[in-house]
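[1] got a sequence here, can you build the structure:
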Amino acid sequence: MATKRRKRRTDRNHVIYQILNVHTGERYIGMTYARGRAFLKSAKARWTAHQYNALVDKRDTLFYDNVRKHGVGAFKVSVVKVVRGKKECHAEETQLIKTAQPELNMESMGRKKNSRKV
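    Residues are numbered from 1 along each chain as shown. As a prediction, the model looks like this:
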C-alpha cells in the first residue's frame, strides 16, 4: 500500500533579524523560520547557531571573523520584520540587504572575503 505524502507548508512565518556589533556599529542581516509566535526567541536561536559556526566550526566569513574578534558579548540581536512564506522572506531579505547594505553580509552581496566592495 502506497503511503500518502504530506504537502509541505509554504505559509510558515519567517523572521528577518539584525545582529549588531555594539562596539563598531557593523550589522549582519539574516533570516530564519519562526518557532511559533516567539519571533525574538527564533532570532536568538539562530544567533546561537551563528556562534557555533564562528567559534567551533571556525567558518571563514566577515561576520564570523567579527564574532571571533569582538566576542559574542559585543552583539545584540533584534527582529527587523516577520514575513509569511519562505520565498517571500528571501525576497524581502535580499531587498533589505540591498538597501541597508549591512557591513557583515558578504555572500549575498557578491563580496569576497576581506573586501568591502559591493
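[2] all the helices of this structure, in order from the start?
    If DSSP state H is used as the criterion, the helices of the chain fall at 39-55, 62-70, 86-100.
[3] can you redo those as a markdown table with mean pLDDT, mean neighbour count and distance to residue 3?
    Where C-beta positions appear, they are placed from N, C-alpha and C, glycine not excepted. Formatted as a markdown table, the helices of the chain follow (pLDDT from 0 to 100; neighbours: other Cβ atoms under 10 Å; distance: least, Cβ to Cβ, whole Å):
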| stretch | mean pLDDT | mean neighbour count | distance to residue 3 |
| --- | --- | --- | --- |
| helix 39-55 | 97 | 16 | 31 |
| helix 62-70 | 95 | 18 | 41 |
| helix 86-100 | 94 | 15 | 25 |
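[4] to residue 32, which of those lies closest?
    helix 39-55 (4.0 Å; Cβ to Cβ).
[5] isn't residue 86 up against residue 12?
    Yes: applying Cβ atoms under 8 Å, one finds residue 86 in contact with residue 12, separated by 6.9 Å.
[6] would you turn the helices of the chain into a markdown table with distance to residue 5?
    Output for the helices of the chain, formatted as a markdown table (distance: least, Cβ to Cβ, whole Å):
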| stretch | distance to residue 5 |
| --- | --- |
| helix 39-55 | 27 |
| helix 62-70 | 37 |
| helix 86-100 | 19 |
